[in-house]
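Enquirer: show me how the following folds:
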Amino acid sequence: MTDAILAEILLPTNELRNDLPFFTKTLGMRLENIFPADNPSVATLSGHGLRVRIDRSAKVGPGKIRILTDDPASFAGGLDRLLAPNGTEIEVVALSPQLVQPRTVHEFGVRRLKDSAPWVIGRAGMQYRDLIPSRLGGSIIASHIRIPDGGPVPDMVHYHTVGFQLIYCYKGWVDVLYEDQGNEMLRLSAGDCVIQPPEIRHRVCHASPNIEVIEIGVPAEHITTIDHDMTLPNGKGDPAREWQGQRFVHHVKDKAVWQPFRIPGFTARDTGIAAGTRGVANIQVARFDGGTPPATKHDTDIHFTFVLEGTMTLKARGEPDRTLSAGDAFVIPPGMAVQYGDCSADLELLEATLPAGFTTTVTNL
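Expert: So this is what the prediction gives:
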């Protein structure tokens, strides 16, 4: 038999009789015990997943309690901030995080691998390199992620409150489990990619040594929530299921069909992500096919490119030329004329655009 264990928050009080009505009636907590009987100075209450002990002898600060509810308007008269008689601050917030997409702050930006700051240790021991430092006003985050040692990944079943998320396997391989996608481990090999629809449960399991992936998320700041109740794999489920209008898409490089790219001089493989997201985003891998690509401009909101292989010169109106190589990344604002010059024969680019539908126009620099 396991011994019962509880935890409680200790709060001070000057006069318990003033605090009890606030915590029981206003906050809706339940009184568990109170003593001494003749002149109460200590009370324990519970509610909303929290246990508090209010003690006149406590030498602590009044603290702050956050109440999370699906209906903030009906809690405590609709007030979002309250103050208890003992000084404890109460903040009432939405239980389910609301996705807010910031307005894109457009810029022309280049991030070169050789100029980058050191890698940062992130979630589950992974190393992160930021590919868009400005994050375009918080509208997007693009990360170059690596796990040098490989092997088992100390990850848990989790999901992201996100509008769009891409995982592109750049080098090596990684095994991942996804909700409703069968009982087999899904392996992403170099050149493969998946989109993780909003709130699909998943867990990273194993990775090859020196695995590297490119992860794109919209918006830049989004919440990762651990799901302690779900176990993966969870069976075949419904592979055609949609999460907030988006399907799970697994693009395999070896099965791809190459076709003309939006910029002459390149061919591309369409990942099927534009269709899977109903136009929220498009992901294409383009490779140089010869000739001299013309200058072009686009009218999409977010345009991000990562250099997978080879070298090129990025020419942009009003900007100095940038020589780019594998590991470099850039963002191009709508309406800016750019040209991909001096392309090496092995040049290959990963392009992400949001939304998927936009127009490319041949122009002059």
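
Enquirer: quick check, residue 324 in contact with residue 311.
Expert: Yes. The pair residue 324 / residue 311 is scored as a contact, 6.6 Å apart, by C-beta atoms under 8 Å. Where you see a C-beta, it was placed from the backbone N, CA and C, and this is true even at glycine.

Enquirer: who has more neighbours out of these two?
Expert: For residue 324 versus residue 311, neighbours defined as other C-beta atoms under 10 Å are more numerous around residue 324 (24 against 15).

Enquirer: so which strand or helix has the more buried one?
Expert: Residue 324 is part of strand 322-325, with elements assigned from DSSP states H and E.

Enquirer: one more: residue 314?
Expert: Per DSSP H and E: strand 311-316 holds residue 314.

Enquirer: now do the helices in the chain.
Expert: In the chain, the helices defined using DSSP state H lie at 16-21, 273-276.

Enquirer: and stretch 180-193, C-alpha only, in PDB?
Expert: Extracted C-alpha coordinates of stretch 180-193, given in PDB (Å, rounded to 0.1, in the frame of the first residue of the first chain):
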ATOM      1  CA  ASP A 180      -3.600   7.600 -35.000                       C
ATOM      2  CA  GLN A 181      -0.800   6.700 -37.500                       C
ATOM      3  CA  GLY A 182      -0.600   3.000 -36.700                       C
ATOM      4  CA  ASN A 183       1.500   0.800 -34.400                       C
ATOM      5  CA  GLU A 184       4.800   1.100 -36.200                       C
ATOM      6  CA  MET A 185       7.500   3.500 -35.500                       C
ATOM      7  CA  LEU A 186       7.700   6.200 -38.300                       C
ATOM      8  CA  ARG A 187      11.300   6.700 -39.500                       C
ATOM      9  CA  LEU A 188      12.300  10.000 -41.000                       C
ATOM     10  CA  SER A 189      15.400   9.700 -43.100                       C
ATOM     11  CA  ALA A 190      17.500  12.500 -44.700                       C
ATOM     12  CA  GLY A 191      15.300  14.400 -47.100                       C
ATOM     13  CA  ASP A 192      12.000  13.200 -45.600                       C
ATOM     14  CA  CYS A 193       9.600  15.500 -43.700                       C
END
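
Enquirer: how about that stretch: buried residues?
Expert: Of all the residues in stretch 180-193, those buried under the rule 16 or more other C-beta atoms under 10 Å are 180, 181, 186, 187, 188, 190, 191, 192, 193.

Enquirer: parallel or antiparallel, list what pairs with the strand holding residue 324.
Expert: Here strand 322-325 is paired, per DSSP bridges, with strand 311-316 (antiparallel).
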